[in-house]
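Participant: Starting from these lines, generate the structure:
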Amino acid sequence: MNHTPRTRTVVSCTLLVTALGASVTACGSDGNPVSARPYDAAGVISFSGPTDAGKRADPDKPLEVAVDGDDGRITDVTAQDATGRYVAGELTADGSRWHNTSPLAANAHYTVTVSTEDEDGAPGLKVYTFDTSRPANQKRLTVTFGPQAGEYGVGQPITAQLDQEVKDKTQRAVVERALKVDSTPAVQGSWYWVSSKELHYRPKEYWPVHATVSVHSNLDGVKISDRLWGGPAKPLTITTGDRVEAVTDAAAHRLTLYKDGLAVKQIPVTTGRPGFETRNGVKVVLDKQYLVRMRGTTIGIAAGTSDSYDLNVYWATRVTWSGEYVHAAPWSVGSQGSANVSHGCTGMSTANARWFFDNIRDGDIVKVVNSNGRAMEPFGNGFGDWNVDWKKWGQGSALANAQATGRTAQDTTRLRPTAL
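Facilitator: Below is the predicted model of the structure:
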């Protein structure tokens, strides 16, 4: 029986890095795991720009890989820099061309692995390496994560503060895609653009108890716009404690503190009287202070009037920047549990306020129900993030298809203590 030698067709890949006015190194296919004897998938490498040795690729330009000829196709392309960051990309349905959909980083070393198959389905592999240049424009975007490292309640959002505005949605997507939040146990979560300089991240539900949440940025060296590149950011790790929730029923004049779903203590309280009603909704503990000076003038009450006050207040747990606290109010003990007589704060006896102060931490949940007051602001007056339902929260992401919704807070100002 005659055997006619079979001629193998070699697929020729062309690395079209319009970015690459650069020298690219093509590594062989030794050790390819897809075949015991893989063939060299790439025969020709060409560039649209200069190819002088020592030149670096322009990260401003696209990265493309294309099959040269009709006798094979690309099956996969992996592009990764030396720090482990992957470049997202798209492969055409016919396997003829791949291009990047996320930007290249500046001053980085890249490895591009191209997998192919010929007309008979035989696999091939080629590996290319190249370096990118520094950006011509050195303007950098700095990201600062919050809060500070430590242990927090399960309601604590993660914040990302930008030192420069990012308004364009495409540019926001570049930034957001590079801001990574990982938790153990893992939960579903998303960023929300509060303003052009601030993002908040929260899970769909509260964080799990005793979780570890780590935040880092892959933005360093990545192009955001023609005039803006990502800069370094200090990573952050926080942990969560027990699930502690304080629920105040303004109509019943009672605060109940729950720990991991179980009621621990019920406290008689007074909340805001007519005209100064306490905000309804979910708030998050911002900080705690043993002593706070509270004055009526900070909320527009004229000094010397019947509503005026200027007092030292003890065991104060803050829940809004505009001055809403849970605190000791020995002057209203006779009304606690029966009437609302405060200027918006939740008041209780000194002993109860100290107990509350000792059993709650930053990031814990403080919720008010059945008040005649307005709803807690989602942003700009503390952390009202949990008052935004999950669907709307998702729309606040630059990676969502829908336009972000919700109030935009430009500058979050920490106001002086106000309400009693």
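Participant: my read: residue 179 touches residue 191, true?
Facilitator: Yes. Under the criterion of Cβ atoms under 8 Å, residue 179 makes contact with residue 191 at 6.4 Å. Yep, even glycine has a C-beta here, placed from its N, CA and C like the rest.
Participant: Residues that sit against both of those two, list them.
Facilitator: With contacts taken as Cβ atoms under 8 Å, 6 or more residues apart in numbering, the residues that reach both residue 179 and residue 191 are 160, 199, 201.
Participant: dump the residue contacts of the last one.
Facilitator: By that I understand residue 201. Residue 201 makes contacts with 157-160, 179, 181, 189-192, 215, as judged by Cβ under 8 Å, 6+ apart.
Participant: low pLDDT regions in the stretch 151-300 of the chain?
Facilitator: For the stretch 151-300 of the chain, residues meeting the criterion pLDDT under 70 lie at 296-300.
Participant: now the helices for it?
Facilitator: Remark: helices of the stretch 151-300 of the chain, listed N- to C-terminal, are 169-178; assignment by DSSP state H, counting those that start in this stretch.
Participant: Check the gap between residue 372 and residue 254 for me.
Facilitator: Here the criterion is Cβ to Cβ, to the nearest Å. By it, residue 372 lies 16 Å from residue 254.
Participant: Same question for residue 340.
Facilitator: Computed as Cβ to Cβ, the residue 340 to residue 254 distance reads 12 Å.
Participant: More neighbours: which of these two?
Facilitator: When residue 340 is set against residue 254 and neighbours are counted by other Cβ atoms under 10 Å, the residue ahead is residue 340, at 25 against 15.
Participant: Could you look up the SS state of that one?
Facilitator: Secondary structure of residue 340, reduced to three states by DSSP: H, G, I helix; E, B strand; the rest coil: coil.
Participant: what sits against the residue lying closest to it once chain neighbours are set aside?
Facilitator: With Cβ to Cβ, 6 or more residues apart in numbering as the measure, residue 271 is the residue that lies nearest to residue 340, at 4.7 Å, once sequence neighbours are left out. By Cβ under 8 Å, 6+ apart, residue 271 lies in contact with 248, 250, 253, 277-278, 340, 342, 344-347, 368, 371.
Participant: hey, what's in contact with both of residue 340 and residue 254?
Facilitator: Going by Cβ under 8 Å, 6+ apart, no residue sits against residue 340 while also sitting against residue 254.
Participant: what's the distance between the nearest residue in space to residue 396 that is not next to it in sequence and residue 388?
Facilitator: In this structure, residue 396 finds its nearest non-sequential neighbour in residue 192, 3.5 Å apart by Cβ to Cβ, 6+ apart. Applying Cβ to Cβ, one obtains 7 Å for the distance of residue 192 from residue 388.
Participant: re the thing from before, phi first, then psi, for the residue nearest to residue 340.
Facilitator: The phi/psi pair for residue 271 (degrees, to the nearest 10) reads phi -120, psi -170.
Participant: How about residue 395?
Facilitator: Note on residue 395: backbone dihedrals following degrees, to the nearest 10 are phi -70, psi -10.
Participant: Equivalent analysis for residue 354, please.
Facilitator: Note on residue 354: its backbone torsions stand at phi -70, psi -40 [degrees, to the nearest 10].
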